[in-house]
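>>> Based on what follows, work out the 3D shape:
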Amino acid sequence: MRVSVVVCVYSMERFDDLVECVESLLAQTYDDVEVVVVVDGTDSVFDRVEDQFDETSNVILHCNEENVGLLESRNTGAELVSGDVVAFIDDDAVADERWIEELVNSYEEQNAIAVGGKMTPLWVDGKPEFLPEEFYWLVGVTHRGFAEGAGEVRNTFGSNISFDREVFLELGGFDAEIGGRKGDANLQGGETELCARLREDYGEGVWYNPQAEVGHKVFEYRTKPRWLVDRAFWQGYSKRAMESLVSESGNEEGQYLHRLFSEFVPERIRRTVLSPSIASILQFMMLIVLTAAVGAGYLYGWIKW
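Numbers count the residues shown, from 1 in each chain. Next comes the predicted model:
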């Protein structure tokens, strides 16, 4: 089984991160791996990418004629590759050396048509003590309560998700009109919409393998309270938008919200009362603030959509 991995880049600021990402893909324990780097319409970035990887085996390079956004760039990458499976990873992520091997294991053992894995944090400037694990999803990291081990889920993060390539192409790939990182940049959820269509057309979700790990770099600006609150607001907005686009998209969020208030919040209250600490108090306060921000964004999305 040949696996093709698509990684997209736009800014020169991410070049060093891109190199580290691609090197992690070329160092996999699984041998039959192909990498395609899609530069989203930035000639200066493509020139550097070409200098870095032009003579590297199993690496395909492509530059869009113009900036078309992340989702369309991923679709382009999927069309260029030759693998049985097409996987997606972000340019600021680093794959565990067994990532592809674990994805392939799930395809073979579960007869899956889509497989994703766990996102782990790579704290670039240190872990913020105030950020609760329940909201790690704001920084692109698998959060507490996401799944109870391996099993079928609606979708995993877009930086650790893969599909049977024929299935992906038959579905038409990601819906580029959703936005991604172009157009309405605050609207996220391309993988959510695609996986909803996957379930509708094929009756299956994504098989989650927590052993298939990808590390996601969490830069300093992503640990600032103001950025996190803003991110939470627009994530709430996106969730409402996804519900408008895909009627079944909100089930997992509803289940998680129920666990948040029935299990996680009471547990944090007990922990804070029995063993008070600055970190536990800050995390509890931030949990409430972020939950409120998500709710406000959802209400705004309800009005707009």
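>>> which stretch of helix or strand covers residue 243?
helix 225-245 (DSSP states H and E).
>>> Which other helices and strands does that helix contact?
Applying 3 or more Cβ pairs under 8 Å, 6 or more residues apart in numbering; DSSP states H and E, we find helix 225-245 packed against helix 190-202, helix 278-304. C-betas here are computed from N, CA, C, even on glycine.
>>> so how far is the last one off the chain centroid?
Translated: helix 278-304. Distance, stretch centre to chain centre, for helix 278-304: 21 Å (Cα atoms, centre = their mean, to the nearest Å).
>>> Pull out the buried residues from that helix.
280, 282-284, 286-287, 289-291, 293-294, 297-298, 301 (16 or more other Cβ atoms under 10 Å).
>>> what separates the helix holding residue 243 from the chain centre, distance-wise?
With Cα atoms, centre = their mean, you get 15 Å for helix 225-245.
>>> With stretch 116-125 instead?
Its chain's C-alpha centre and that of stretch 116-125 lie 10 Å apart, by Cα atoms, centre = their mean.
>>> give the contact list for the nearest residue to residue 44 once chain neighbours are set aside.
Leaving aside its sequence neighbours, residue 44 sits nearest to residue 12 (Cβ to Cβ, 6 or more residues apart in numbering; 6.4 Å). Applying Cβ atoms under 8 Å, 6 or more residues apart in numbering to residue 12 gives the contacts 42, 44-45, 48.
>>> do you know how far residue 12 is from residue 159?
20 Å (Cβ to Cβ, to the nearest Å).
>>> again with residue 133
18 Å.
>>> ok, now residue 243?
Distance from residue 243 to residue 159, by Cβ to Cβ: 23 Å.
>>> These two: which has the busier surroundings?
Higher neighbour count among residue 243 and residue 159: residue 159, with 23 against 19, using other Cβ atoms under 10 Å.
>>> show me what contacts that one?
88-90, 93, 119, 140, 214, 216 are the contacts of residue 159 under Cβ under 8 Å, 6+ apart.
>>> re the thing from before, buried set for the helix holding residue 243?
In helix 225-245, counting by 16+ other Cβ under 10 Å, buried: 228-229, 231-243, 245.
>>> what about the spatially closest residue to residue 104 that is not a sequence neighbour, neighbour count?
Excluding its sequence neighbours, the residue lying closest to residue 104 (Cβ to Cβ, 6+ apart) is residue 1, at 5.5 Å. Here the number of neighbours of residue 1 (other Cβ under 10 Å) works out to 13.
>>> next one: the one 4 residues further on
Applying other Cβ under 10 Å, we find 30 other residues in the vicinity of residue 5.
>>> Filter the contacts of residue 159 down to the ones in helices?
Residues of the contacts of residue 159 located in helices (DSSP state H): none.
>>> What about these, which one has the most neighbours?
Busiest of these [other Cβ under 10 Å] is residue 214, holding 28 neighbours.
>>> looking at this protein, which helix or strand is least sure?
Every helix and strand of the chain was ranked by mean pLDDT, DSSP states H and E. The lowest is helix 251-259, at a mean of 69.
>>> Which SSE is immediately downstream of that helix?
With DSSP H and E, the next secondary element past helix 251-259 is helix 265-274.
>>> buried ones in that following helix?
Going by 16+ other Cβ under 10 Å, helix 265-274 has these buried residues: 265, 268, 272.
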